[in-house]
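A.B. asks: Below are the sequence and a predicted model; questions follow.
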Amino acid sequence: IAGDPTQERKLARDLMMAGEVAVPELTGVTSSVSRLGRQVSAGKLPISSREYGEMTPRMEAARAAQEISITPSAGMQGRLPSMLEAGLEASPFSAGQVQRGRERVISEMQEVSQQSASDLGIPTTIEKAGEKIKAGSADFVKQFKQKSTALYNDLDRYIRPNDLVVAPSTSDALETILQYSDKHPEISKMVNLQKYQPFLKGFRQDGIDTAIPYELIKDLRTTFGESLSTNSGPLGDLSQAKIKQIYGALTDDMEQAAISSGPEAHRAWRRANQYYKAGRNFIDETLAKVLNVDTETAAYNKLHNMLIEGNARQSTKDILTIKRRLPEDAFNDFRATVVNRMGLAKKGGQDDLGEVFSPQTFLTNYNKMADTSRKIVFGKTAPELNKLAKTINSFKEAGLDTNFSKTAPTLTTQGIISAFATGALGLGTTAAIVAANKGSAAFLTNVKVLKALNAAARNDISLLQKIAQGSDLIAAEAQTILRTSAAMQANQQ
């Protein structure tokens, strides 16, 4: 419309009444408002050029985009530019420019996502990330066993391996398990109770506890402990409940031996036992979820699902514990891969390389995570990814004015061709229509203009005023934006 006063007045009215982008509550611009739009000079809006106060969602989105170096499209700058962009996209002569502008924004979003991923670790494939998770988990278990052994061996300073001790708690547990075996031998055989008979004979005979070397009790406890939750080893065919019962009894007997050896021995015992108990619980209740799977992909998926499934508090606790226990590079590469894949389009929208970025997919995956999980996984990049989510949300809302049916370009083209063929439009008029569409599209996809519009969304119109002071087509369009905005604001007031 290039600064034409008559067209500006129509724009302020018609944008609110247009069929595809109608806003009923804003319809009916009065003649007084149109006069206001004509009277307001470039840059002199009814509000101040810089107005500080309560941050609106649009202002927050505009600031977020600026801080992560994304220049929003016109459709993301507010209702007026969004409707203008939608109208231009409906034209066959400017739709390509508008689409390229959106592709630029998506590319900038993808760059922010990829940079955030690289800041966390090395983004890789699901298989390789899962491989590092499994290897890191196995490494933790190995180190845990080595340290546990060293702590228990520290007791050798106070209790010598060949010192003879009794194990009354273990004997009692075994007698409880075997209390019906003599009367019901066939049933006992069916439930494998005969395997416990040799243990009881070794610990107690004719009601008298047998003194056995401390080293033997320690080794036996280790064997029972390794069979817990794994169903493997020489005791793998025994009941898990009974293995746990005997393991606990052996633990009690070893502690009594430590207490009998003095306070220093008891402190060494407690230190070793507390470390083992905490580590064993972590392995059995949390790490096993990613350790006891068949493939690397399954390991990655198990850890990834902790972010979005189950009780949020428990999931966050598990993720935090795994982060602390895994090698730093293994967890960093996992979360870098998570971030890098958050925005990958689904199969139907992917290319051969599998690198197409989908803002909607990113936002969906981001919103699935609890805030606490985001902070743990995203770490130092959490603020940037939060800003990216806000920017993508405004990008999503901008699409509400788009003609998704894509019928308007076709209908517009048919109308122009018909009018030209029947003589209703001359060659010069038709050429002017094409030029006007392309000119307006050039204005609304110009990066300099878009930055000015984004500043205006933050209530800073100084950049738009500066552009409007020129004498070219872009300046005329900037003047129109300023005047029409004034008219629309006045109408809303």
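C.D. replies: Right, received. Where do you want to start?
A.B. asks: in the stretch 151-300 of the chain, which spans are strands?
C.D. replies: Across the stretch 151-300 of the chain, reading from the start of the chain, the strands by DSSP state E, counting those that start in this stretch fall at 164-165, 204-205, 208-209, 212-213.
A.B. asks: and those as TSV, adding distance to residue 197?
C.D. replies: Backbone N, C-alpha and C define where each C-beta goes, glycine included. Rendered in TSV, the data for the strands of the stretch 151-300 of the chain read as follows (distance: least, C-beta to C-beta, whole Å):
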stretch	distance to residue 197
strand 164-165	22
strand 204-205	12
strand 208-209	17
strand 212-213	16
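A.B. asks: So which of the ones you listed is nearest residue 178?
C.D. replies: Shortest separation from residue 178 across the strands of the stretch 151-300 of the chain is recorded for strand 204-205, at 10.8 Å, computed as C-beta to C-beta.
A.B. asks: For residue 452, which residues are in contact?
C.D. replies: Listed by C-beta atoms under 8 Å, 6 or more residues apart in numbering, the contact partners of residue 452 are 461, 463-464, 466-467, 478.
A.B. asks: Quick one, which of the residues you listed has the minimum pLDDT?
C.D. replies: Per-residue confidence across the contacts of residue 452 is lowest for residue 478, with 72 (pLDDT).
A.B. asks: Quick check: closest non-adjacent residue to it.
C.D. replies: With C-beta to C-beta, 6 or more residues apart in numbering as the measure, residue 468 is the residue that lies nearest to residue 478, at 3.9 Å, once sequence neighbours are left out.
A.B. asks: So the closest residue in space to residue 136 that isn't next to it in sequence: helix, strand or coil?
C.D. replies: Excluding the flanking residues, the one nearest residue 136 by C-beta to C-beta, 6+ apart is residue 330, at 3.5 Å. Remark: residue 330 carries the secondary structure label helix [criterion: DSSP: H, G, I helix; E, B strand; the rest coil].
A.B. asks: Roughly how far does residue 330 sit from residue 385?
C.D. replies: Remark: distance between residue 330 and residue 385 (C-beta to C-beta, to the nearest Å) = 21 Å.
A.B. asks: ok, now residue 129?
C.D. replies: 18 Å.
A.B. asks: So for those two, which sits in the more crowded spot?
C.D. replies: residue 129 (28 against 21; other C-beta atoms under 10 Å).
A.B. asks: and the helix or strand encompassing the more buried one, average pLDDT?
C.D. replies: Secondary-structure element containing residue 129, defined by DSSP states H and E: helix 126-153. Averaged over helix 126-153, pLDDT sits at 93.
A.B. asks: same question, stretch 381-396
C.D. replies: What stretch 381-396 shows for mean pLDDT is 92.
A.B. asks: from here on, count from 16
C.D. replies: Okay, residue one is now 16; in that scheme the one you just asked about reads as stretch 396-411.
A.B. asks: list the buried ones in it?
C.D. replies: For stretch 396-411, the buried set under the neighbour-count rule, 16 or more other C-beta atoms under 10 Å, comprises 396, 399-410.
A.B. asks: Looking at the residues you listed, which are in helices?
C.D. replies: With DSSP state H as the criterion, helices contain 399-410 from among the buried residues of stretch 396-411.
A.B. asks: Please identify which of those residues is nearest to residue 85.
C.D. replies: Closest approach to residue 85 among those (C-beta to C-beta): residue 406, at 5.5 Å.
A.B. asks: My guess is the closest one contacts residue 81. True?
C.D. replies: No. The pair residue 406 and residue 81 does not pass the contact test of C-beta atoms under 8 Å, sitting 9.4 Å apart.
A.B. asks: circling back: show me which residues of the helix holding residue 144 are buried.
C.D. replies: By neighbour count, and taking 16+ other C-beta under 10 Å as the criterion, the buried residues in helix 141-168 are 141, 144-149, 151-152, 155-156, 159, 163, 166-167.
A.B. asks: ditto for stretch 201-219
C.D. replies: Of the residues in stretch 201-219, 203, 208, 211, 214-215, 217-219 count as buried by neighbour count, 16+ other C-beta under 10 Å.
A.B. asks: Out of those residues, which comes closest to residue 185?
C.D. replies: Lowest distance from residue 185 to the buried residues of stretch 201-219 (C-beta to C-beta) belongs to residue 218, with 5.5 Å.
A.B. asks: circling back to that earlier point, save the strands of the stretch 166-315 of the chain as CSV, and put in distance to residue 188 and mean pLDDT too.
C.D. replies: Output for the strands of the stretch 166-315 of the chain, formatted as CSV (distance: least, C-beta to C-beta, whole Å; pLDDT from 0 to 100):
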stretch, distance to residue 188, mean pLDDT
strand 179-180, 16, 94
strand 219-220, 11, 90
strand 223-224, 13, 93
strand 227-228, 15, 94
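A.B. asks: and of those strands, who's closest to residue 171?
C.D. replies: Using C-beta to C-beta, the nearest of those to residue 171 is strand 227-228, at 12.2 Å.
A.B. asks: That closest one packs against which elements?
C.D. replies: With contacts defined as 3 or more C-beta pairs under 8 Å, 6 or more residues apart in numbering; DSSP states H and E, the packing partners of strand 227-228 are strand 179-180.
A.B. asks: what pairs with the strand it packs on, and is each one parallel or antiparallel?
C.D. replies: Partners of strand 179-180 in the sheet, by DSSP bridges, are strand 227-228 (antiparallel).
A.B. asks: Residues contacting the strand it pairs with, please?
C.D. replies: Under C-beta under 8 Å, 6+ apart, the answer for strand 227-228 is 176-182, 217-218.
A.B. asks: Is it possible to mark the buried ones in those?
C.D. replies: Neighbour counting with 16+ other C-beta under 10 Å marks 180-182, 217-218 as buried within the contacts of strand 227-228.
A.B. asks: closest to residue 135 among the residues you listed?
C.D. replies: Comparing these against residue 135 with C-beta to C-beta places residue 182 closest, at 50.9 Å.
A.B. asks: That closest one contacts residue 229, correct?
C.D. replies: No. Counting by C-beta under 8 Å, residue 182 sits too far from residue 229 to count as a contact (9.9 Å).
A.B. asks: Residue 123: what's it in contact with?
C.D. replies: Residues near residue 123 by C-beta under 8 Å, 6+ apart: 84-86.
A.B. asks: please redo it, this time with the cut-off set to 10 Å
C.D. replies: Contacts for residue 123 were tallied using C-beta atoms under 10 Å, 6 or more residues apart in numbering; they are 80, 83-87, 403, 406.
A.B. asks: Pick out the most distant pair among the residues you listed.
C.D. replies: Distances among those were taken as C-beta to C-beta; the most separated pair is 86 and 403, at 13.7 Å.
A.B. asks: ok so, going back, quick check: neighbours shared by residue 182 and residue 229?
C.D. replies: By C-beta under 10 Å, 6+ apart, residue 182 and residue 229 have these common neighbours: 268-269, 272.
A.B. asks: and of those residues, the nearest to residue 367?
C.D. replies: The nearest member of those to residue 367, counting by C-beta to C-beta, is residue 269 at 61.9 Å.
A.B. asks: okay, now that closest one: neighbour count?
C.D. replies: Quick note: residue 269 (other C-beta under 10 Å) scores 24 neighbours.
A.B. asks: so it touches residue 182, yeah?
C.D. replies: Yes. Between residue 269 and residue 182 there is a contact under C-beta atoms under 10 Å: 8.4 Å.
A.B. asks: which neighbours do the two share?
C.D. replies: 229, 232, 236.
A.B. asks: is it possible to export those residues to a markdown table including neighbour count and distance to residue 131?
C.D. replies: Below are the shared contacts of residue 269 and residue 182 laid out as a markdown table (neighbours: other C-beta atoms under 10 Å; distance: C-beta to C-beta, whole Å):
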| residue | neighbour count | distance to residue 131 |
| --- | --- | --- |
| 229 | 23 | 55 |
| 232 | 19 | 54 |
| 236 | 21 | 48 |
